[in-house]
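Q: fold the following and give me the result.
(chains A and B)
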Amino acid sequence: MAKLLKNREILLVIAIAALLVAITLRFPGFVAPANLARVYNDTSILIILALGQMAVILTRCIDLSMAANLALCGMVAAMINAAFPGIPIPLVILVVVALGALLGSINGLLVWKLEIPPIVVTLGTLTIYRGTIFLLSKGAWINAHQMSDAFKALPRTSLIGFPVLSWLSVLAIAAVYILMTRTPVGRAFFAVGGNPHAAVYTGIDVGRTRFFAYCLSGGLAGLAGYLWVSRYAVAYVDIAAGFELDIIAACVIGGISIAGGIGSVGGAVLGSLFLGVIKNALPVINISPFAQLAISGTVIIIAVAVNARTEKRKGRVILKKAEAV
Amino acid sequence: MAELNLSPRIIPDRLQSRGSRALKSWESLLLVVAIAIFAINSFASPYFLDPWNLSDATFNFTEKALIAFAMALVIISGEIDLSVASIIALSSTAMGLAVTMGADTPMLVVVGLGTGLLCGAVNGLLITGLGLPSIVVTIGTMSLFRGLSFIILGDQAYTGYPASFAYFGQGYVWWVFSFEFALFVFFAIVYSVLLHKTNFGRAVYAIGNNQTAALFSGVRVGRVKFILFLLTGLMAGIASICLTSRLGSTRPSIALGVELEVVTMVVLGGVSILGGSGTIPGVVLAAFIMGMVTFGFGLLNVPGIVMSIFIGVLLISVIALPILWSRARRRRAH
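A: Numbers count the residues shown, from 1 in each chain, chains lettered A, B, ... in the order given. Got it, this is the predicted structure:
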């Protein structure tokens, strides 16, 4: 039982269940299956982004530019659609995923080839990508009437009872799960974060692995960019501003260690769902939406404190005498 | 963050004379850049060289530079504080709340400084008390502090600060020299002395270079770091008083994104983001450069968001260029 409680995923499932029970006491309709499906759908974009951020954090890096990348890709998708409504939507998605991966690869190259600390790189590219949206759009909005119906309809289209948006996030979870657990690159993410020196000795190129992680996070941010813009049917400079913190919060809550090497796909998904449930529950239990930022902040701090406690038992003292001196 | 550096840090012996080292230092490069930008600006716009315009230009950087001094020490010690902009917001909100309760100007200053100190203490306790990584803690408190402002203010704004409160952001000490600029000069001296001439300053460098070694040589690592976060909170409180006084109103979105500019200023000033090296004169020069660049762009009608692209490029390139430079030199040496 005690061992079970130390498992982050199970702990999170219990926490989410407790949260749901507490919400249900105030508002019974919240746990209706249809509403839970809506909550999941609403959290889908965060899940997709958290999966990318997880890969980056696993390699001891961080990607603060994801939200700006999302916004830039979303704007590009909207502009392509507004200018050439005839281009099929899957092609648009392909273009923005490639663009996102390209923007991510810029982060990756700076971290890999120039060995600039990831936080500095992504703080810098965050403002650069945001500013680029302004340069592209000249500050103008792209509104719903400028987008084609197909562009807006795709994430809402129902497929076997659930919207395509939900299915896409399920697909992303499955793909990243396979990548993490069944491929050499996925193993390398853990190896690089767990012990970079050991990773080098086992023949893993640390820099290149980080580069791949940034490409993955960038590509997923590109996908999320299309989904965000088509779902809310508007694109402007400031969409998803500050969302990078939610993404990191989801990862930290999901037990992904900021020191690298520890984490799981399940953790990232559950961490996102935890935030998603809170976000969707606040309005129905009459808490001001303005409280959400403070709640996320508090949850991040609590989560990182819990993470630090579980990570402390990592090593084993083999020279007790030397320790005593 | 220091663990990102895979190769062992090589600290060179003093092979060159003091003079030639000073000539080749990052600070002298910054000085050249500052003079160049000053010259370019005076040619680009006829309005630049007016003393009152130049005085206005100082407001672009004084508040941020006040925080940058303390942030430089935090970064030299190998930590980072991303919550400074949110501390500004929370302490501005606290002052606004105090105004509605009828506080006078001295009371407002106490509230502003107190909130800053309190926020710094929260950061410091979480980081040194619980041993958590500063980057995540301050990302968390960044949301928390600004989130508290949002809870208190929502979509409202506080105005109605007393007339005497306006002095901190709008007053002039002598001729064109504003109160904020005087504060900037005062704290530049205080932090230069603190970092370069005291035991405390040595301890900050020691911690940044090798925390374990510092601990074993008797430096109270936890206490020094706690004081550094306290100082950063205090400086953010001072900056908040200046900014609130200058704007005359408080919104929860006040000073959004300032942490990025402060970190850029510190890194541009030659402080290593990995900790262990950097100087206050460098940060002072970086403050002047950033202030003059944004002011020059402003005179040329460049929109703010384009300036932020420039700051992002500046941040990455000031770190990338020395790396590329030393690589090129190593290649030539072989």
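Q: pretty sure B:A94 sits against B:V109.
A: No. Judged on C-beta atoms under 8 Å, B:A94 makes no contact with B:V109 at a distance of 11.6 Å. Where C-beta positions appear, they are placed from N, C-alpha and C, glycine not excepted.
Q: neighbour count winner among those two?
A: Ranked by neighbour count (other C-beta atoms under 10 Å in any protein chain shown), B:A94 and B:V109 place B:A94 first, with 25 against 18.
Q: need the contact list for the more buried one.
A: B:V111, B:G112, B:G114, B:T115 (C-beta atoms under 8 Å, 6 or more residues apart in numbering or on different chains).
Q: excluding chain neighbours, give the residue nearest to the last one in space.
A: The shortest distance from B:T115 to any residue other than its chain neighbours is 3.6 Å, reached at B:S91 (C-beta to C-beta, 6 or more residues apart in numbering or on different chains).
Q: residues of the host helix or strand of the one you found that come out buried?
A: Per DSSP states H and E, B:S91 falls inside helix B:84-100. The neighbour-count check on helix B:84-100 (16 or more other C-beta atoms under 10 Å in any protein chain shown) flags B:84-99 as buried.
Q: with stretch A:122-136 instead?
A: By neighbour count on 16+ other C-beta under 10 Å, the buried set for stretch A:122-136 is A:122-134.
Q: near chain B, from these?
A: A:L123, A:G124, A:T125, A:L126, A:T127, A:I128, A:R130, A:G131, A:T132, A:F134 (C-beta under 8 Å from any C-beta of the partner chain).
Q: what is the nearest of those residues to A:G108?
A: Set against A:G108, the nearest of those by C-beta to C-beta is A:T125 (10.6 Å).
Q: what about the closest residue in space to the closest one that isn't next to it in sequence, neighbour count?
A: Once flanking residues are discounted, A:T125 sits nearest to A:S65: 4.3 Å by C-beta to C-beta, 6+ apart. Neighbour count for A:S65, taken as other C-beta under 10 Å: 30.
Q: can I assume A:S65 is in contact with A:T122?
A: Yes. Counting by C-beta under 8 Å, A:S65 touches A:T122, with 4.4 Å between them.
Q: farthest-separated two in the buried residues of helix B:84-100?
A: Farthest-apart pair in the buried residues of helix B:84-100 is B:V84 and B:V99; separation 22.8 Å (C-beta to C-beta).
Q: for B:Y205, grab the count of nearby residues.
A: 18.
Q: look up the closest residue to A:G266, ignoring the ones flanking it.
A: In space, and not counting its chain neighbours, A:G266 is closest to A:E9: 4.6 Å by C-beta to C-beta, 6+ apart.
Q: my guess is the one you found meets A:G267, correct?
A: Yes. If you go by C-beta under 8 Å, A:E9 and A:G267 touch, sitting 6.0 Å apart.
Q: what touches both of these two?
A: Shared contacts of A:E9 and A:G267, defined by C-beta under 8 Å, 6+ apart, are found at A:G255.
Q: hmm, back to that, following the helix holding B:S91, which helix or strand shows up next?
A: Downstream of helix B:84-100 (by DSSP H and E), the next one is helix B:105-124.
Q: export that following helix as PDB, just CAs?
A: Presented in PDB, the C-alpha positions along helix B:105-124 are these (Å, rounded to 0.1, in the frame of the first residue of the first chain):
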ATOM      1  CA  THR B 105       2.800  58.300   1.400                       C
ATOM      2  CA  PRO B 106       5.200  57.000   4.100                       C
ATOM      3  CA  MET B 107       2.800  54.200   4.900                       C
ATOM      4  CA  LEU B 108       2.600  53.300   1.200                       C
ATOM      5  CA  VAL B 109       6.400  53.100   0.900                       C
ATOM      6  CA  VAL B 110       6.400  50.800   4.000                       C
ATOM      7  CA  VAL B 111       3.700  48.600   2.400                       C
ATOM      8  CA  GLY B 112       5.500  48.500  -1.000                       C
ATOM      9  CA  LEU B 113       8.900  47.500   0.500                       C
ATOM     10  CA  GLY B 114       7.300  45.100   3.000                       C
ATOM     11  CA  THR B 115       5.400  43.300   0.300                       C
ATOM     12  CA  GLY B 116       8.600  43.000  -1.800                       C
ATOM     13  CA  LEU B 117      10.500  41.700   1.200                       C
ATOM     14  CA  LEU B 118       7.800  39.200   2.000                       C
ATOM     15  CA  CYS B 119       7.700  37.800  -1.500                       C
ATOM     16  CA  GLY B 120      11.500  37.600  -1.500                       C
ATOM     17  CA  ALA B 121      11.300  35.700   1.800                       C
ATOM     18  CA  VAL B 122       8.800  33.200   0.400                       C
ATOM     19  CA  ASN B 123      11.100  32.500  -2.600                       C
ATOM     20  CA  GLY B 124      14.100  32.300  -0.300                       C
END
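Q: so how far is it off the chain centroid?
A: 17 Å (C-alpha atoms, centre = their mean, to the nearest Å).
Q: and the angle for the helix or strand following that helix with helix B:84-100?
A: Using DSSP H and E, the helix or strand that follows helix B:105-124 towards the C-terminus is helix B:134-153. Orientation check (axes from the mean of the first three to the mean of the last three C-alpha atoms, to 10 degrees): helix B:134-153 against helix B:84-100 gives 30 degrees.
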